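J.: quick one, structure for this:
(3 chains)
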Amino acid sequence: MKKGGTHERIYAIVRKIPKGRVTTYGTVARLAGFAGQARLVGYALSALPTGTAVPWHRVINAQGKLSLEQKGSSSGITQRLRLEREGVKVDAAGRVALATFGWRLAIGKP
DNA sequence: CCACTGACGAGTG
DNA sequence: GCACTCGCCAGTG
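T.: Numbers count the residues shown, from 1 in each chain, chains lettered A, B, ... in the order given. The predicted structure follows:
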């Protein structure tokens, strides 16, 4: 046990995100011990290989939008699909209501 | 070693 | 709401 994998630390937090909920890069960074380094989370997820057991699709930006979709990445479609499949409603502009689905930010109120 | 790029966030105008 | 700037870390050539 050693290995101070910056990325591994982030993956550990992302894996804790419950299904049907989303969180922001900044929150993940904070919980991982990298407060203020939201970018690291993005970089770590970008290095994530395909077929990983990490629910990266549950991580969005502080604006409540899907960064991938905003960028126009083809992977953005996958993220949106997976979220909606878990019960997360995604706006036409690729925006999610953090007030409802935000993990650790607000208790979902159906 | 230097320069550039990249899944962000907060502040400013 | 949008455009621009700065800070921070990792990978590549």
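
J.: for chain A, what lies in contact range of DNA strand C?
T.: By Cβ under 7 Å from any atom of the strand, the residues of chain A that approach DNA strand C are A:T6, A:G36, A:Q37, A:A38, A:R39, A:L40, A:Y43, A:A47. In short, each C-beta sits where N, CA and C put it, glycine included.

J.: from memory the first one sits against A:L40, does it?
T.: Yes: in this structure, A:T6 sits in contact with A:L40. The criterion is Cβ atoms under 8 Å, and the distance is 6.5 Å.

J.: quick check: neighbours shared by these two?
T.: Common neighbours of A:T6 and A:L40, counting by Cβ atoms under 8 Å, 6 or more residues apart in numbering, are A:F34.

J.: between these two, point out the one with more neighbours.
T.: Taking neighbours as other Cβ atoms under 10 Å, A:T6 and A:L40 compare with A:L40 leading, 18 against 14.

J.: and the closest residue in space to that one that isn't next to it in sequence, what is it in contact with?
T.: Closest residue in space to A:L40, ignoring its immediate chain neighbours: A:F34 at 5.4 Å, by Cβ to Cβ, 6 or more residues apart in numbering. By Cβ under 8 Å, 6+ apart, the contact set of A:F34 is A:T6, A:R9, A:I10, A:L40, A:V41.

J.: name the element the fourth one belongs to?
T.: Which is A:L40. Under the criterion of DSSP states H and E, A:L40 resides in helix A:38-46.

J.: repeat that for the second one.
T.: Here A:R9, judged by DSSP H and E, is contained in helix A:6-14.

J.: wait, does the helix or strand just after that helix contact DNA strand B?
T.: Reading on from helix A:6-14 to the C-terminus, the next helix or strand found by DSSP H and E is strand A:23-24. Yes: interface with DNA strand B: strand A:23-24 contributes A:T24 (Cβ under 7 Å from any atom of the strand).

J.: strand A:23-24 packs against which elements?
T.: Contact partners of strand A:23-24 among helices and strands, from 3 or more Cβ pairs under 8 Å, 6 or more residues apart in numbering; DSSP states H and E: strand A:59-60.
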